[in-house]
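# Structure for this input, please:
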Amino acid sequence: LVMAAEGLLALARFGISPDVAVEAINGSSGRSLQTEVRIPKEVLSREFNYGFPLRLMLKDVNISVDSVCRDTITSNSAHGDVIDQVPKFFPLIKDLLQRAADLESQEADYSRVVRPLEAESGIELHGAGKTTEMDGNGKGYGDYEAPFYKPTKN
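Predicted coordinates:
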């Protein structure tokens, strides 16, 4: 969900409607449950009501990150070098979920994890902004005007 939203925000900066982008992604091997269902139904609609609380997702991710990232993983490369590594992506997701939890209410749905990304970019992802060269109004794919981000928590 986070990766899809970040990609859509980047495309929106270039004037590409999230509807158009999701349609293109879902017509390719890049599609997933997040792009086919969660993004259109929960994010672009602005419903944010999948039914799983953000605070529980954060709790689960905290447990996972604390378990997986506790120790350095030592492995051998294809060239025989010893590599010490700690997973880097998991802590980023944990941080993003924490920022979302700080921005949103206690009852907020996990799909609101996209809100910190929207806040940082200064725009919100909305549906129904789809324009095509074939829609008769002279607008092309680069004519999407992303709405400005609006905070939800006082």
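# Stretch 104-117: which residues count as buried?
Within stretch 104-117, the residues scored as buried using 16 or more other CB atoms under 10 Å are 104, 108, 109, 110, 111, 112, 113, 114, 115, 116, 117. Where you see a C-beta, it was placed from the backbone N, CA and C, and this is true even at glycine.
# What of stretch 58-67?
By 16+ other CB under 10 Å, the buried positions in stretch 58-67 come out as 58, 61, 65.
# Could you check how far the second one is from residue 22?
Distance of residue 61 to residue 22, computed by CB to CB, to the nearest Å: 25 Å.
# The last one now?
Taken as CB to CB, the spacing of residue 65 relative to residue 22 amounts to 29 Å.
# Mind giving me the packing neighbours of the host helix or strand of residue 63?
Using DSSP states H and E, residue 63 sits in helix 54-68. When contacts are defined as 3 or more CB pairs under 8 Å, 6 or more residues apart in numbering; DSSP states H and E, helix 54-68 packs onto helix 89-103.
# Do you know the pLDDT at the spatially closest residue to residue 97 that is not a sequence neighbour?
Nearest in space to residue 97, with sequence neighbours left out and distances taken as CB to CB, 6 or more residues apart in numbering, is residue 58 at 4.5 Å. You'll see residue 58 listed with a pLDDT of 96.
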